[in-house]
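A.B. asks: Task: produce atomic coordinates for the following.
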Amino acid sequence: GEQKCFTCDSRLPFSAHDNPKSHRIENVIATFDSERQMKWWQSENGVHQVSIQLDLETIFQFSHLVLTFKSFRPAAMLVERSKDFGQTWKVFRYFAEDCSLHFPSVSAKPATFINDVVCDSRYSGPEPSTGGE
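C.D. replies: As a prediction, this is how the structure comes out:
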């Protein structure tokens, strides 16, 4: 049913008609345009440790950060934040299918305070195989 893209060509920006195989990093910021489901960022195949750093150029207060995956969600990942414009980074939250295996020194209990650093397994299971958040 669904057509899949296995070869990328990101020399030019995404265009549904002229360059649908472009999966540049700027596609990580979602908009509500009609082509948003066609646009995504794709890491290099076979690379297991990937980092994405966003410079938002000012201070933001986030209420939600949603990552939607086109494939299985990672078995383990972490989200870091910087409060000094990228000079230093601190882990904000750990995510893992098995927190005790991937991040054994991190509490898997729910956060009590906003600055508590914990590991959350609710969003890291292998299902669904696509579209997992």
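A.B. asks: what ranges do the helices span in this structure?
C.D. replies: 99-102 (DSSP state H).
A.B. asks: quick one: contacts for residue 103?
C.D. replies: Listed by CB atoms under 8 Å, 6 or more residues apart in numbering, the contact set of residue 103 reads 76, 78, 94, 96, 119. In this view, the C-beta of every residue, glycine as well, is placed from N, C-alpha and C.
A.B. asks: Mind doing that once more with 10 Å?
C.D. replies: Counting by CB atoms under 10 Å, 6 or more residues apart in numbering, residue 103 makes contact with 76, 78, 91, 94-96, 117-119.
A.B. asks: Spatially central, which residue of the chain would that be?
C.D. replies: The central residue of the chain, meaning the one whose C-alpha is nearest the mean C-alpha position (CA atoms, centre = their mean), is residue 67 at 4.6 Å.
A.B. asks: Tell me who's in contact with that one.
C.D. replies: Under the criterion of CB under 10 Å, 6+ apart, the contact partners of residue 67 comprise 28, 30, 52, 73-74, 77, 79, 95, 123, 132-133.
A.B. asks: Kindly recompute the last result at 8 Å.
C.D. replies: Listed by CB under 8 Å, 6+ apart, the contact set of residue 67 reads residue 133.
A.B. asks: For residue 99, see how far away residue 105 is.
C.D. replies: Taking CB to CB, to the nearest Å as the criterion, residue 105 is separated from residue 99 by 10 Å.
A.B. asks: out of those two, which sits in the more crowded spot?
C.D. replies: Neighbours per residue (other CB atoms under 10 Å) separate residue 105 from residue 99, with residue 99 holding more: 20 against 6.
A.B. asks: And the pLDDT at the residue lying closest to residue 71 once chain neighbours are set aside?
C.D. replies: When the adjacent residues along the chain are set aside, residue 71 lies closest to residue 130, with 6.2 Å between them (CB to CB, 6 or more residues apart in numbering). At residue 130, the predicted lDDT confidence score is 79.
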